[in-house]
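# prediction below, plus the sequence it came from.
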Amino acid sequence: MRAFTAWGERHQVTLYLVAIAIGALVGLLAPATAPVWESAITPLLGVLLFATFLGVPFARIGRAFADWRFLGTLLILNFVVVPALAFAVSRVVAADEAILLGVLLVLLTPCVDYVIVFTGLAGGDRSRLLAATPLLMLLQMALLPVYLSVFLGTDAVPAVEPRPFIDAFLLLIALPLALAALAQVLASRFAAARVIESGSATAMVPLMMLTLAAVVASQVFAVGDAWGRLFLTVPIFAAFAVIAAPLGALLARIAGLDVPGRRAVVFSGVTRNSLVVLPLALALPDAFTLTPLVVVTQTMVELIVMVAMVAVIPRLVRQR
């Protein structure tokens with residue numbers, strides 16, 4: 001089982017891209033199946049997020065506060081520097097509300113799952129980043145509505161009905177989060193809970209593949225002639241990564257962090273939380289059909305960026 005998990009983590013980028021390609025092929029060749037795939041998204045996302053949250057060490061949240069220099073650098077980067085950068089790069093699509101909302105949704109939320117894996121592959125301090133993930137999760141859920149109100153304007157935000165967002169948050173974020181925290185508590189007492197907790201790591205890659213394929217298969221045919229609008233986000237996401245990485249490295253160096261800590265900060269600043277915001281994008285009204293695909297597009301760009309960063313960051317962020 002461990003060998004299978006390790007193999008999946010090593011090849012996850014390729015597997016995710018294959019899943020997206022299969023989903024696009026199915027959606028284009030059999031558009032009548034789109035409702036079936038769409039109905040499968042909610043349960044798949046619920047299980048996937050539960051497995052993701054099981055990897056968040058809620059019991060270690062106190063440890064994150066002990067390393068105030070690393071944590072402070074992480075928070076300034078993700079909730080001060082990155083939002084300003086996200087606003088700047090999103091101006092390219094400011095006139096397209098559906099695309100703009102997708103870009104902001106995904107760029108304003110730092111990743112809390114596979115960023116840990118890629119950070120470790122690049123020699124970053126994954127343990128300190130892992131300890132900070134509960135706080136990153138809580139802050140992004142609290143601050144995302146604030147940033148959207150500021151960046152979209154108070155006139156644009158009410159156009160999006162709050163009820164679907166509330167339902168998606170309760171069903172696909174709050175409930176899996178609570179169940180994952182409960183499972184971690186029960187794991188110390190019950191063998192069944194320990195099996196679930198340990199099995200979540202093995203299930204992550206297959207669940208992510210199924211979710212990506214289902215989302216793309218359910219939405220791709222509805223894109224129609226809007227491919228140009230969607231592909232316009234690719235250089236935006238690429239530019240975000242290219243700018244965010246040196247900003248993170250500079251901020252971490254100013255803070256005086258060690259090399260593993262600096263690498264972890266860089267990966268946290270670049271990697272975004274498409275998994276958590278995807279349910280929110282899917283809960284939007286019909287006028288925002290492209291928004292979930294914008295989130296998926298960012299995932300594709302980011303996975304390629306992560307592979308490049310694993311090779312490049314150890315050479316650029318090192319001890320002088």
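That came through, no problem.

# residues contacting the residue nearest the centre of the chain?
Note on the chain: the residue nearest the mean C-alpha position is Asn273, at 1.7 Å, using CA atoms, centre = their mean. Residues counted as contacts of Asn273 (CB atoms under 8 Å, 6 or more residues apart in numbering) are Val106, Thr109, Pro110, Cys111, Val112, Asp113, Gln140. Yep, even glycine has a C-beta here, placed from its N, CA and C like the rest.

# tell me which of the residues you listed fall in helices.
Taking DSSP state H, the ones among the contacts of Asn273 that sit in helices are Val106, Gln140.

# redo the contacts of Asn273 as JSON lines? Include neighbour count and distance to Leu17.
Putting the contacts of Asn273 into JSON lines (neighbours: other CB atoms under 10 Å; distance: CB to CB, whole Å) gives the following:
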{"residue": "Val106", "neighbour count": "29", "distance to Leu17": "17"}
{"residue": "Thr109", "neighbour count": "26", "distance to Leu17": "22"}
{"residue": "Pro110", "neighbour count": "26", "distance to Leu17": "22"}
{"residue": "Cys111", "neighbour count": "27", "distance to Leu17": "18"}
{"residue": "Val112", "neighbour count": "25", "distance to Leu17": "22"}
{"residue": "Asp113", "neighbour count": "22", "distance to Leu17": "17"}
{"residue": "Gln140", "neighbour count": "21", "distance to Leu17": "26"}
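
# circling back: from Ile41, how far off is the residue nearest to the centre of the chain?
Summarising the geometry, the distance separating Asn273 from Ile41, computed by CB to CB, to the nearest Å, is 17 Å.

# go on, Val317?
Val317 sits 37 Å away from Ile41, taking CB to CB as the criterion.

# and the two? Which one has more around it.
Set side by side, Val317 and Ile41 give different neighbour counts by other CB atoms under 10 Å, the larger being at Val317 (27 against 21).

# now do the phi/psi pair for the more buried one.
According to degrees, to the nearest 10, the main-chain angles of Val317 amount to phi -100, psi 100.

# need the contact list for it.
Listed by CB under 8 Å, 6+ apart, the contact set of Val317 reads Ala249, Ala252, Val259, Arg262, Arg263, Val266.

# pLDDT averaged over the helix or strand containing the fourth one - what is it?
When secondary structure is defined using DSSP states H and E, the element that contains Arg262 is helix 259-270. Helix 259-270 shows a mean pLDDT of 95 in the predicted model.

# what are the C-alpha coordinates of it, in CSV please?
These are the backbone C-alpha positions of helix 259-270, laid out as CSV (Å, rounded to 0.1, in the frame of the first residue of the first chain):
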residue,chain,number,x,y,z
VAL,A,259,17.0,27.2,3.3
PRO,A,260,14.3,24.5,3.9
GLY,A,261,12.0,27.2,5.4
ARG,A,262,12.6,29.5,2.4
ARG,A,263,11.7,26.8,-0.1
ALA,A,264,8.6,25.9,1.8
VAL,A,265,7.5,29.6,1.8
VAL,A,266,8.1,29.8,-2.0
PHE,A,267,5.9,26.7,-2.7
SER,A,268,3.2,28.0,-0.4
GLY,A,269,3.1,31.3,-2.2
VAL,A,270,2.8,29.7,-5.7
